[in-house]
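**Q** fold the following.
(chains A, B, C and D)
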There are 2 protein chains.
Amino acid sequence: MKPGFIHETVVDFQLNTMKKSSVKFSPSDKCPVRTVLDRLGDKWSVLVILLLGAKGSVRFNHIQKEIGDVSQKMLTITLKSLEADGIVSRHVFAEVPIRVEYRLTERGESLLPHIQQLSDWAEENMRQILKDRKQYVA
Amino acid sequence: MKPGFIHETVVDFQLNTMKKSSVKFSPSDKCPVRTVLDRLGDKWSVLVILLLGAKGSVRFNHIQKEIGDVSQKMLTITLKSLEADGIVSRHVFAEVPIRVEYRLTERGESLLPHIQQLSDWAEENMRQILKDRKQYVA
DNA sequence: ACCTTTGGTTACCTTTTGAAACTAACCAGT
DNA sequence: ACTGGTTAGTTTCAAAAGGTAACCAAAGGT
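**A** Numbering: from 1, shown residues only, chains lettered A, B, ... in the order given. Below is the predicted model of the structure:
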């Protein structure tokens, strides 16, 4: 591991009132891993990428229903952040009612298999992990 | 994607006062992906796994210095949670001063390559992502 | 008796996330 | 014109996660 590979002070410009950009940014490009992994480390990005990867082009409300317990606010922020990173693209259809579809970009598609592997690993190991959690009463 | 693959209500038993277990649990084993991915979705788990994967057996304080901006409290919680999931193991040496080393379990080792791939992807794509972020002024 | 070290824990506070109500824009029925 | 329904958000305020800094326990040195 390179020196300074992980070390970095993260400053997050997230705006609590969603007034301006409402997009999550951790500046300082000193740590390649963390700059990007922080984004995946939020609660919803991975799920959104998996969903778009599985379903192709999906509408806002459909994403929300599919994930089930993401708030509109967090879904908005997550999608905008992923859009800012060039991982998903946003397509507005001037219909009525308005329709907005999201899909993975090429970059998003290149990320997808790695996330799917993680998801597969989780599925393979979850049963035993849940057992271990119950036993762990340290 | 299976029905109910993602949908789930997450209830988190994390204790804010660290009184009892201080370990993060999201029960309800209905969603395999999320049960496990939620753990990786916290701020520090991925970094700890990468570090232990790179360095083998590492002491508490050494992990903290290497990551740089994780607080003792969060590192404790992160390590306990990973231990509860059987991803890292804890080894206490009754020396003086006390020495506690952490390393990946077999399960942790099986998870490592997937996280490393993610990390590699991040490194390959970060330069362009950072550019895109700057341009994104929606 | 006092100081040092490691590996924590605790109380307190700030930032991030969640829940739910509200808005904008447009249409359909009455 | 008025009511209600749709989608895709925003806003407000409370809850949860995370950060800061002080404290503890155990042993060893001086």
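
**Q** helices of chain A, residue ranges please.
**A** A:32-40, A:45-55, A:60-67, A:72-84, A:106-135 (DSSP state H).

**Q** among these, single out whichever gets nearest to residue B:127.
**A** Comparing the helices of chain A against residue B:127 with C-beta to C-beta, the closest turns out to be helix A:32-40 (8.1 Å). The C-beta positions use only the backbone N, C-alpha and C, and glycine is treated the same way.

**Q** center of chain A - which residue?
**A** What sits nearest the mean C-alpha location of chain A, by C-alpha atoms, centre = their mean, is residue A:45, with 1.0 Å.

**Q** show me what the helix-or-strand element of chain A with minimal mean pLDDT packs onto, helices and strands only.
**A** When each helix and strand of chain A is scored by mean pLDDT, DSSP states H and E, helix A:32-40 comes last, with a mean of 80. Under the contact definition 3 or more C-beta pairs under 8 Å, 6 or more residues apart in numbering or on different chains; DSSP states H and E, helix A:32-40 sits against helix B:45-55, helix B:106-135.

**Q** at contact distance from DNA strand D, anything in that helix?
**A** No - judged by C-beta under 7 Å from any atom of the strand, helix A:32-40 makes no contact with DNA strand D; its nearest approach is 10.8 Å.

**Q** so that helix versus helix B:32-40, what angle?
**A** 130 degrees (axes from the mean of the first three to the mean of the last three C-alpha atoms, to 10 degrees).

**Q** still on that earlier bit, return the most buried member of the helices of chain A.
**A** Per-stretch averages of neighbours, counted by mean count of other C-beta atoms under 10 Å in any protein chain shown, single out helix A:32-40 among those, with a mean of 23.

**Q** could you check the angle helix B:60-67 makes with that helix?
**A** For helix A:32-40 against helix B:60-67, the angle by the same axes, to 10 degrees is 90 degrees.

**Q** still on that earlier bit, quick one: pLDDT of the residue nearest to the centre of chain A?
**A** At residue A:45, the model reports a pLDDT of 95.

**Q** got the contact list for it?
**A** Each residue near residue A:45 by C-beta atoms under 8 Å, 6 or more residues apart in numbering or on different chains is listed here: A:39, A:78, A:81, A:82.

**Q** cool, residue A:136 as well?
**A** Taking C-beta under 8 Å, 6+ apart, one finds B:23, B:83, B:84 in contact with residue A:136.

**Q** the second one and residue B:100 touch, don't they?
**A** Translated: residue B:83. No - counting by C-beta atoms under 8 Å, residue B:83 sits too far from residue B:100 to count as a contact (11.2 Å).

**Q** which residues do the two both contact?
**A** The contact sets of residue B:83 and residue B:100 overlap at residue B:90 (C-beta under 8 Å, 6+ apart).

**Q** rewinding a little: using a markdown table, lay out the helices and strands packed on helix A:32-40 together with distance to DNA strand C.
**A** Below are the helices and strands packed on helix A:32-40 laid out as a markdown table (distance: least, C-beta to the nearest atom of the strand, whole Å):
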| stretch | distance to DNA strand C |
| --- | --- |
| helix B:45-55 | 12 |
| helix B:106-135 | 16 |
